[in-house]
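Novice: below is the structure, and that's it, no one-letter string:
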C-alpha cells in the first residue's frame, strides 16, 4: 500500500518510509492512498489482540519492507490486558475499555511500543534515527519507556503543564532518551517538532522522525483495540456499539473514525474534548481554526491546534460523521466524584468520556451498548483525584517501578535554533 500527503504535494511512499519521515515533506500528514475494506470474516472475536491486530493491519503493510515483521510487532507491543468492563451497575449499557494496563499506565503504550519497534527494524547503524515526541503528558512517558536503550529520542514537554507524576515519567529514562522542558504550552512543543521535521537540513542531518500521532505508526495500532472491542460487542448484541473517545490531538478519535470507515461494526462516535474549543466550535459552526490551548484537569488533552484534524478533513464526507462534546473542568470534577460514589474511579481524561456518555439522551443510550475509552490509570493524576474523592490512590506495580529512578531534563525556549543546538550537542 502507498501513503500520500494530506496536502497532496509530496510523492507517495510505502509504509516504512512514511513511518521514518513522520510527516510528509510538504508539511502534510501521511494517509493510505485508499481506505482498505476490513476482512470481517477473518477478524473473529475469539482472537487475542496481537493476532486480531495483525489481520486488521495486513493491508497497510502489504508490499512493504515491514510486512514480514507485522506479526512480531503486534506480539511485542500489544501484549498486555485490555479489559472491557461494566464500570457502573446503574449504567448497564456503558462499557469502559481499560487501556492503561501497559508499562506506563496510558493508552499511548500501544502506539509508542509499536512505533519504536518499527523504528528498530527500519534503522541504519551508520545513520541512526532521532525521534521527536511532543507531549502534553502521556505520549512522552510511553515513548521514553519504549525507546530507552534502543532509539535516540527527544521528548518535548511544556513547563508547568503536566502532572507531577507525568513529569517524573517523562524525565526518568536513560540514554538515548532526552527530556526537554519547553517554556511554553503543548502547541509550542508541537510547532517545534513540526518545524524541525520540515527543515530539510536539520531533518537530514539527524534523520528526524516523529513519535506523535502525526506518525501513521502511532494511530494504526490504536485502531486495533477499538476494532477488537467493537467486534466482541457486536458478536454479543448484534448491534454495532457506539464509541466515546476522549481526544486532544485527535489521533485517538481519528483512529476510531478510520476503523469505522474500513467497515468495522462501529456505530456513532462521540469525540469528547475538554475546555479547548477548536473541535467543538467546528462541530457547532462548520468552521475550524486553531486556538490558544487552555490548561485543564485533563491536561493530556490540552491541545488548541489538533494536528489530526487535517487527516479528518481528508476522509470522504460520509466517513467524517461524529459528534463533539466539550466537557469543562467543573463537570470533569463532578463526574469523578459522582461515579466514585457509585464504585468506579476515572482518571480526568476518562471522566471526560464518562461525562460525554451521560449527556447522551436516554433514547440513544438505549439503542446500543457504548464503549468509553478509559485512557490512563488514575494514579497518574493522584494530586487531582485524591482531594476530590477523599482517599489515597495506590500505584500499580508498573508505575511504582520508576519511583527511585534518577531524573534528568534540559530546558529550552520554544525556539527552533535552541532545539537544533540541542540536537547537535
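Specialist: Received, thanks. What you are looking at is a predicted structure, and each value in this text was computed from that prediction instead of being measured. Numbers count the residues shown, from 1 in each chain.
Novice: look up the pLDDT of residue 224 for me, please.
Specialist: With respect to pLDDT, residue 224 scores 97.
Novice: who touches it in this structure?
Specialist: By C-beta atoms under 8 Å, 6 or more residues apart in numbering, residue 224 lies in contact with 49, 52-53, 56-57, 74, 78, 110. (C-beta placed from N, C-alpha, C; glycine too.)
Novice: over to residue 297?
Specialist: 274, 329, 332-333, 348, 381, 384.
Novice: could you redo the last one with a cut-off of 6 Å?
Specialist: 329, 332, 348, 384 (C-beta atoms under 6 Å, 6 or more residues apart in numbering).
Novice: what's the answer for residue 342, then?
Specialist: Contact analysis of residue 342 by C-beta under 6 Å, 6+ apart lists residue 88.
Novice: next: residue 99.
Specialist: 107, 375.
Novice: and what of residue 261?
Specialist: Residue 261 touches 35, 319, counting by C-beta under 6 Å, 6+ apart.
Novice: got a markdown table for the contacts of residue 297, with neighbour count too?
Specialist: Output for the contacts of residue 297, formatted as a markdown table (neighbours: other C-beta atoms under 10 Å):
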| residue | neighbour count |
| --- | --- |
| 329 | 16 |
| 332 | 26 |
| 348 | 29 |
| 384 | 22 |
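Novice: about what we covered before: which of the contacts of residue 224 ranks first by neighbour count?
Specialist: Neighbour counts for the contacts of residue 224, by other C-beta atoms under 10 Å, peak at residue 53, which reaches 28 neighbours.
Novice: CSV for the contacts of residue 224, including distance to residue 260, pLDDT and secondary structure?
Specialist: Listed next are those as CSV, based on distance: C-beta to C-beta, whole Å; pLDDT from 0 to 100; DSSP: H, G, I helix; E, B strand; the rest coil:
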residue, distance to residue 260, pLDDT, secondary structure
49, 19, 98, helix
52, 16, 98, helix
53, 17, 98, helix
56, 13, 98, helix
57, 16, 98, helix
74, 21, 98, helix
78, 20, 97, coil
110, 18, 97, helix
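Novice: and residue 338, how many neighbours?
Specialist: 15.
Novice: restricted to helices, list the contacts of residue 297.
Specialist: 329, 332, 348, 384 (DSSP state H).
Novice: for the first one, what are its contacts?
Specialist: Residue 329 makes contact with 296-297, according to C-beta under 6 Å, 6+ apart.
Novice: when you give positions from now on, start the count at 847
Specialist: Sounds good: first residue 847 from here, last item residue 1175.
Novice: check what pLDDT it gets.
Specialist: 98.
Novice: same check, this time on the last one
Specialist: Reading off the confidence values, residue 1230 has pLDDT 96.
Novice: what's the answer for the second one, then?
Specialist: The model reports residue 1178 with a pLDDT of 98.
Novice: quick one, what contacts it?
Specialist: Applying C-beta under 6 Å, 6+ apart, the residues contacting residue 1178 are 1143, 1194, 1197.
Novice: cutoff 10 Å now
Specialist: By C-beta atoms under 10 Å, 6 or more residues apart in numbering, the residues touching residue 1178 are 1120-1121, 1142-1144, 1192-1198, 1200-1201, 1230, 1234.
Novice: right, I'll leave it there.
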